[in-house]
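Novice: For reference, the sequence and a predicted model appear below.
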Amino acid sequence: MTNVLQVHDLHFSYHGGISALRGVSFRIAPGEKVALVGPNGAGKSTLLLHLNGILRGAGRVSVCGQTLSDQTLGAIRSAVGMVFQDPDDQLFSPTVFDDVAYGPMYQGLPEPEVRRRVTSALSAVEMLERETRVSHHLSGGEKKRIAIATVLSMQPEVLVLDEPTSGLDPRARRSLINLLRDLPLTMLVSTHDMHLVRELLPRMVIMDQGRIVADGSTEQLMENEDLLKNHGLEKP
C-alpha cells in the first residue's frame, strides 16, 4: 500500500457560505507521524472531521485504498481512529472497561475477542489497572489515555488526534508524548503544541485559511521563521 490516507482537492463550506476548506490535498504513507498545524480558523478541525465522514465535502478522501462513500463509511470509520480534544466527548459508559469495549461490541465481535481487545488497548496505554474505574473520576491525563484506548480497541490503520496535549499538566503531557512515540501506528496530529511537533512528528503540514501552505520535514520548516510567523506559529 502506497498511502494509508489520501485527500484530493477537498472543499467544504459551512452554512452561510463560510469556506473552511479550499482544495486541500495531501497523502500519508503507512507508519508516518504527521503534524497538522496552523492558526485558529485555518480549517484543521474541519479537515479532521472529513477523514472518517463526520463531515462530507466536495473532493475525495481515501483510506487504505477505499474512497469514502456511503458504501465504505463503516469500513473507513473502523480504519480511522479519531481522538477528540476533549476526552469527555468519547467517554460515556459506567466503567473504563465498558468505554473501551463499546466499539468492538458495536461491531458484533464475540465476547472473548472483545475482552482481548480491551486488555490489549488498556495495556498499550498503561491503564489496565483502571478498567473497573469510572472514567469521569480519572485525571485529565488518564482520560486522554482511555480515550486513545477506545480507539485502539477498534484496531485502526491511522490514529487521528485533535490537540492531544491540551489541558494537561507537564507530567501528564510528557507521559502522553512518550505513549504516542511508542505506538506503532500511522498518526495525524492537529496541535498548537510546537514542542510536541518538534519532538514527536517528523513531518509537518501547515494550514491557513482553508489551504495547505507548506508540507515538509518538520526540521526544515521549523527553521523557516518567516513562514511560521506568517501563519501564526512560533518556533519552539
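Specialist: Structure's in. What do you need? Numbering: from 1, shown residues only.

Novice: who's in contact with Leu188?
Specialist: By CB atoms under 8 Å, 6 or more residues apart in numbering, the contact list for Leu188 reads 5, 28, 34, 36, 48, 51, 158-161. Where you see a C-beta, it was placed from the backbone N, CA and C, and this is true even at glycine.

Novice: pLDDT wise, what is it at?
Specialist: On the pLDDT scale, Leu188 is placed at 97.

Novice: Could you single out the nearest of the contacts of Leu188 to Val83?
Specialist: Nearest to Val83 among these is Leu161, at 4.5 Å by CB to CB.

Novice: Which of the contacts of Leu188 are buried? Put it as a ChimeraX command.
Specialist: Buried residues among those (16 or more other CB atoms under 10 Å), as a ChimeraX selection:
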select :5,28,34,36,48,51,158,159,160,161
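
Novice: Pick the one among the contacts of Leu188 closest to Gly103.
Specialist: For the contacts of Leu188, the minimum distance to Gly103 (CB to CB) is 13.6 Å, reached by Leu159.

Novice: Closest to the centroid, which residue in this protein?
Specialist: By CA atoms, centre = their mean, the chain has its centre lying nearest to Val160, at 1.6 Å.

Novice: So which of the contacts of Leu188 belong to strands?
Specialist: 5, 28, 34, 36, 158-161 (DSSP state E).

Novice: can I get those in JSON lines with pLDDT?
Specialist: Listed next are those as JSON lines, based on pLDDT from 0 to 100:
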{"residue": "Leu5", "pLDDT": "96"}
{"residue": "Ile28", "pLDDT": "97"}
{"residue": "Val34", "pLDDT": "98"}
{"residue": "Leu36", "pLDDT": "98"}
{"residue": "Val158", "pLDDT": "95"}
{"residue": "Leu159", "pLDDT": "95"}
{"residue": "Val160", "pLDDT": "96"}
{"residue": "Leu161", "pLDDT": "95"}
